[in-house]
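1. I would like the atomic coordinates for the input below:
(2 chains)
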Amino acid sequence: MKKMTGAFLAALVTTTYAIAEPVDDTLVVNEDIAIVTRTAAPAHMADAVDEVMSGWLFRGSETRDMQRDDFDNPGMIFVEKAEEAWNTAEGSEGKSCASCHNGSDSMAGVRPVYPKWNEAAGEVRTLEMQINDCRETRMGAEPWKYTGGDMANMTALLASVSRGLPVNVAIDGPAQSTWEQGREMYYARTGQLELSCANCHEDNYGNMIRADHLSQGQINGFPTYRLKNTKLNSVHARFKGCVRDTRAETYKPGSADFVALELYVASRGNGLSVEGPSVRN
Amino acid sequence: MRRTILASLTIAVSALGLEAAEIAPTAVTFEDGSVAQSLSGQPGNAAEGRKIVGSKKLGNCVACHAVSDLSDVPFHGEIGPMLDGAGDRWSEAELRGIVANAKMMFEGSMMPSFYKTEGFFRPGKAYTGKAADDTFGPLLSAQQIEDVVAYLATLKE
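-> Numbers count the residues shown, from 1 in each chain, chains lettered A, B, ... in the order given. From the prediction side, this is the model:
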């Protein structure tokens, strides 16, 4: 039956989606950075899937190609903007990011371990939360809007210097209860359509839902430049859109709920390379 | 005594009268996942049903199910079974039950329940992302369900 449907669909939409399975392709950025786009599933989700796959494998060839070279990746324009912000002093302390951290490339290795438990704050923090903490506490500057342009740009810069490194968020120790909350959210059937993240991204990745090719919903490529809205999209903005599309009352970007969900979803991609800023439809 | 019988008879008649009227989403009786009676009290219109099944704004059934008869509508999904032959495989009562609330027949089905108004987690106001308010209703009306059922019944191999 599935084969029949596939054949029927292929006939129907040959030009746009010739195949609906994840493609067999490899990603090397700038002929230099090898990206792991598929690898064995981390132990904690061995019951669910054997392999974890980047959303890159579920996109068309033109979209995939845009990510192979920084000159073709529209997301890199925003990385350049953030590089400027990195070196610009702001706030009452007259400091820039560079005043404490030196070059932005010194941040390699940070992105892959976030969201991360912050002992002093007694909470799991996302990269966005940590950036705003730096701005307020160290620089004496105004915090950025959680899903705003300045923030998306800065997270793109911090992702870009970690490209190729494996996502490796901690799910045990003090982060465990937050991770468990996120896991519960992932499997909760939400909204009037009663859809969980798992319904689409665990049970049906590789299948078409109307014109959309369902991926595993991995977030190793965030922030992601979407051709659909021609801007960088943050993880929480994407979560919000997904929850909204189940005809549900969404959670707020930056909320404890979405922090928990981000930790859990990130952990489902442990082992995949950081790819941000990625390019998707 | 005679008066009592007469009164019961009156009640029975008015109950019969109600049966011809619309059945509320909260009052649907499922038997092994099937619903015997028309939800609207009226027969369905297959031509209207065809529109509902293919329309993104209405049933959007093709988001998950492919239907050869709807080849004029682009992008059919492959989440649920193909609907070709649905009219051979299922009776009208079974089709009605599946469309109204597929989870009654198929436990844990991913399929949304199209004639249900209770028991949701964080129900929203359509696709706004805001909480549901007093405008909240089932995904399809009783008559729309009947129209879809009438259309699916025409899908024979």
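2. what residues does chain B put near chain A?
-> Near chain A, the residues belonging to chain B are B:56, B:60, B:62-64, B:66, B:68, B:71, B:74-79, B:81-82, B:110, B:112-113, B:120-132, B:136, B:139 when assessed by C-beta under 8 Å from any C-beta of the partner chain. For every residue, glycine as well, the C-beta is placed using N, CA and C.
3. now, of those, which are buried?
-> In the residues of chain B next to chain A, burial by neighbour count holds for B:60, B:62-64, B:66, B:75-79, B:82, B:110, B:112-113, B:120, B:122-125, B:129, B:132, B:136, B:139, counting by 16 or more other C-beta atoms under 10 Å in any protein chain shown.
4. show me where the chain dips below the pLDDT cut-off.
-> Going with chain A. Across chain A, the stretches falling below the confidence threshold (pLDDT under 70) are A:1-20.
5. oops, I was thinking of chain B
-> Scanning chain B for pLDDT under 70 picks out B:1-20.
6. all helices for it, in order.
-> Using DSSP state H, the helices assigned to chain B run over residues B:2-19, B:46-54, B:86-89, B:92-101, B:142-153.
7. what helices and strands are in contact with the second one?
-> Under the contact criterion of 3 or more C-beta pairs under 8 Å, 6 or more residues apart in numbering or on different chains; DSSP states H and E, the helices and strands touching helix B:46-54 comprise helix B:142-153.
8. which strands and helices sit next to the helix it packs on?
-> Applying 3+ C-beta pairs under 8 Å, 6+ apart, one finds that helix B:142-153 contacts helix B:46-54, helix B:86-89, helix B:92-101.
9. could I get those helices as a markdown table with mean neighbour count?
-> Compiled in a markdown table, the helices and strands packed on helix B:142-153 are given as follows (neighbours: other C-beta atoms under 10 Å in any protein chain shown):
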| stretch | mean neighbour count |
| --- | --- |
| helix B:46-54 | 19 |
| helix B:86-89 | 17 |
| helix B:92-101 | 23 |
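10. quick one: closest of the ones you listed to residue A:267.
-> Shortest separation from residue A:267 across the helices and strands packed on helix B:142-153 is recorded for helix B:92-101, at 34.1 Å, computed as C-beta to C-beta.
11. by how many degrees do that closest one and helix B:142-153 diverge?
-> With axes from the mean of the first three to the mean of the last three C-alpha atoms, to 10 degrees as the criterion, the two stretches helix B:92-101 and helix B:142-153 enclose an angle of 130 degrees.
12. ok, residues contacting helix B:92-101?
-> Contacts to helix B:92-101, defined as C-beta atoms under 8 Å, 6 or more residues apart in numbering or on different chains, come from residues B:28, B:30-31, B:33-36, B:38-39, B:86-87, B:90, B:104-106, B:111, B:113-116, B:140, B:145-146, B:148-149, B:152-153.
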